[in-house]
Every structure is written in C-alpha cells, then in structure tokens.
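Peer 1: return a 3D structure for these sequence lines:
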Amino acid sequence: MKSDSVKNGFTLLELLVVVAILGVLFSIAMPQYTAYTLRANRQDAFSILTAIRFAQEGYKADNGTYSADLTLLGYDSAQESVDGLYVISAAACADSTIAQCVVLTATPKAGESQVNDKNGAGGVITINTRLVKTGGWK
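Peer 2: Numbering: from 1, shown residues only. Here you go, the predicted model:
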C-alpha cells in the first residue's frame, strides 16, 4: 500500500534563506532608524532652548541685560530638557558681555542616547540671542 501523506513545513534551507534576508534588511534598516531617532530627539533641546531664549528677551526688556543665571528666568540652575536628554546652560557670547548677548547651550546628558549624536558639534546644540545656531538646527 502506498502512503499518500502530505509533508507540511519548511526545509532547513528555506529557513536559512529567510534568516539571511532578514539579517540583511536589519543591517540596512537599523543604522537608519538610529540616525532618525537621534535627529528626532534633538527637538527636545530645540524646544527648551527656544523657550529660554524668549525668557532671556523678556528678562532683558525688564533689566537691561541678559542673565547667565537660569534661576532668574524661572528655571533650575542645572536645567534639563523636557525629556531629560540634555543639560542646559547659559553664558555670555564669546565676543561680547552678558548685557549684549547670551549663548544657550544644550549638552547631551551623560548616559543618554544623545551622547552618540554626531551632529557636527559633538551632540552639543547652541543658540544665542543673535540667532546664531549650531548643532543641527534647520
């Protein structure tokens, strides 16, 4: 008597081909996804820097000078960005006094993903009150 059993399933070779294809797709997609995530996370710095810049303008209108002390603007002295990816600081611009110009700097927080952001400035994002920007602003 002849058996009419049907074999179901995949062969080992077919499974290896699928695994190889998935490996190639993953190796292409993962670096792109990582770069996209780093770019998207920069928005965390952009939003807090913009808010502090506007607060600086209000402070200057009231006091005639900018402030390197973020607590005078209603922020913490070691202010973090909303998602905690950056630490924000303020200082006088390199070519002027604090009364004339202030530069706001978002430095990637140690241990966070943005430390690996190679945006041309080592992950650091800045803007000053003259609207000179570095670090991935568009």
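Peer 1: center of this structure, which residue is that?
Peer 2: residue 42 (2.7 Å; CA atoms, centre = their mean).
Peer 1: look at that residue and report its pLDDT.
Peer 2: Turning to residue 42, the model gives it a pLDDT of 85.
Peer 1: from residue 26, how far off is the residue nearest to it when sequence neighbours are not counted?
Peer 2: In space, and not counting its chain neighbours, residue 42 is closest to residue 136: 5.1 Å by CB to CB, 6 or more residues apart in numbering. C-beta here means a position set from N, CA and C on the backbone, and glycine is covered the same way. Note on residue 136: its distance to residue 26, by CB to CB, to the nearest Å, is 26 Å.
Peer 1: quick one, which of these two is more surrounded?
Peer 2: When residue 136 and residue 26 are compared for neighbours, residue 136 comes out ahead with 19 against 10, by other CB atoms under 10 Å.
Peer 1: how close does the more buried one get to residue 45?
Peer 2: Taking CB to CB, one finds residue 136 at 9 Å from residue 45.
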